[in-house]
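> just a sequence and a predicted model for now, questions to come.
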Amino acid sequence: MSGLIKRIFSGGASELIDKVGEVVDNLVTSKEEREKLKQEMTGLVNEYHAKAQEELTNRLKIDMASDSWLSKNIRPLTLVFILVTYTLFSVTDENLIIAGHTFNIDGHYVELLGQWGKAIMYFYFGGRTLEKAVTMFRK
């Protein structure tokens, strides 16, 4: 999952455009045609990202319009839970002794919590940054 999120938020689209560009280079002969096609592909990818952000914004608006306390607060509560759990794991791992046994957390759990935390952080902070950038780009 983190690979998908990384591709979406950290230049995966530009990699896709570059790869499509390489294929097009083999099929399109003139430099002007290549540049025009590359610009059109970039526009399509940017349009896709803008639509995805609009859908995300619409989901958040629907959650906030709900009468349910839980639906309004599930995302922030999840973020708090992940951060608190990750912090507790990092503080207690091999620093806590229970009945003569050292408390040791498997690295897979820490890695999983870290990936979830990244996804949530991308959602809250990266999504908002991308939303602002798209708004500025449109103006």
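Sure, I can see it.
> can you give me the helices in the protein?
Shown for the chain, the helices assigned by DSSP state H span residues 2-9, 12-27, 31-65, 69-92, 107-121, 127-138.
> quick one: closest of these to residue 99.
Residue 99 sits nearest to helix 69-92 of all the helices of the chain, at 14.7 Å, using Cβ to Cβ. C-beta: built from backbone N, CA, C; applies to glycine.
> in that closest one, what's buried?
79, 82, 86, 89 (16 or more other Cβ atoms under 10 Å).
> so the third one sits right up against residue 110, yeah?
The one in question is residue 86. Yes. Checked against Cβ atoms under 8 Å, the pair residue 86 and residue 110 is within contact range at 7.4 Å.
> rewinding a little: lowest-confidence stretch among the helices of the chain?
With a mean of 49, helix 2-9 has the lowest mean pLDDT of the helices of the chain.
> for the buried residues of helix 69-92, which one is nearest residue 64?
Nearest to residue 64 among these, counting by Cβ to Cβ, is residue 79 at 15.9 Å.
> quick one, what contacts the closest residue to the closest one other than its chain neighbours?
Of all residues not flanking residue 79 in the chain, residue 120 sits nearest, at 4.9 Å (Cβ to Cβ, 6 or more residues apart in numbering). Taking Cβ atoms under 8 Å, 6 or more residues apart in numbering as the contact definition, residue 120 lies against 75, 78-79, 82.
> and the gap between residue 120 and residue 23?
For residue 120, the distance to residue 23 (Cβ to Cβ, to the nearest Å) stands at 36 Å.
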